[in-house]
Each structure stands twice: as structure tokens, then as C-alpha cells.
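*Asks:* I would like the atomic coordinates for the input below:
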Amino acid sequence: MEDDSQSPLTWGANRVPEIHCVDGFTMSVQASSGHYCSPRSDEGPYTSVEVGFPNREEPLLMRYAGDETCPTETVYGWVPLEVVQAVVESHGGTDIVGQTILRGLAEGCGAALDEAREYHERALRGELLSEMFDSDDNYIKSEG
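*Replies:* Have a look, this model is predicted:
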């Protein structure tokens, strides 16, 4: 098996951090040569991505579900980035990590995903406020 731990789109357990929305909704959003995305490469920019394991059923994602009977325990392949953005918007926006991940996927920008990793690691250490933004990058709130 090829080691892709150094790819700009993967880290930790070969994945980017989950996207957390204002209302508590979470989902994994991944893209690389090993994910159901387009293009299926480690470079991007991406037009569709793999979404996985949301913490609750999301109607906007269901048509892409690998297993519709277990909506929180399946992956959703080739989800257009516009749909992912609509999901985030329907849940009130996301934090700075989520915004940076989405920007990196849309722009194919490894630097943005490295920035998201840094934000995520700082948040895990309690060094970063949870800054929330809506889908138009409007600031919503900040809490410790």
C-alpha cells in the first residue's frame, strides 16, 4: 500500500479533519487519488468530493449515499462541491477549519489544507477560538 501521509490532502489517519457546522452537524470531506472524487488525484482543484459518516442524516446528501439504510455509517461518493457548500449553509455555516478545507478543495490549494491542519491542531490544544462563518465567509461567533 502506498504511503500518502505526506500528501497535502491527507494527514493523521490519512484524512483531513471533519467539517463542523454551527448547529452541530459534522461530516468528513475527503479528496485524493484514493477517494471517490473528481479529479481522482492528489492535486485538485476538485469538482466533487467524498463525504463520509455525517453525524445525522442529511437529505441533500442522500442521492450520493453508498448505503441509504445507514446514512451515518456510509460514504457518499462524487458529491459536487456545490452540494457540500449547500449542506454547510443549511447547517448555519462552519468554523475556520471547515472554511479553509473547503477553500483548499475548491482551489486545489495544498497550502490552504496545510493551514486547516494547523488550525485543527491548535484547536485540539485549546489555543484557537472556534471561529464560525456562514457560507459567504461572514463571521458568526467566537467562543473559547
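*Asks:* drop to CA atoms for contacts and neighbour counts, all remaining ones
*Replies:* Will do.
*Asks:* Any buried residues in the helix or strand containing residue 119, and which?
*Replies:* Per DSSP states H and E: residue 119 is located in helix 110-124. For helix 110-124, the neighbour count (16 or more other Cα atoms under 10 Å) marks 110, 112, 113, 114, 115, 116, 117, 119, 120 as buried.
*Asks:* Remind me what it packs against, helices and strands.
*Replies:* helix 96-107 (3 or more Cα pairs under 8 Å, 6 or more residues apart in numbering; DSSP states H and E).
*Asks:* pLDDT of the helix it packs on, averaged?
*Replies:* Across helix 96-107, the average pLDDT comes to 88.
*Asks:* tilt between it and helix 110-124?
*Replies:* 170 degrees (axes from the mean of the first three to the mean of the last three Cα atoms, to 10 degrees).
*Asks:* Give me the distance from helix 96-107 to the chain's centre.
*Replies:* For helix 96-107, the separation from the chain centroid amounts to 7 Å (computed by Cα atoms, centre = their mean, to the nearest Å).
*Asks:* Enumerate the beta-bridge partners assigned to the nearest residue to residue 98 once chain neighbours are set aside.
*Replies:* Among residues not flanking residue 98 along the chain, residue 19 sits closest, at 4.7 Å (Cα to Cα, 6 or more residues apart in numbering). Beta-bridge pairing of residue 19 under DSSP bridges involves residue 27.
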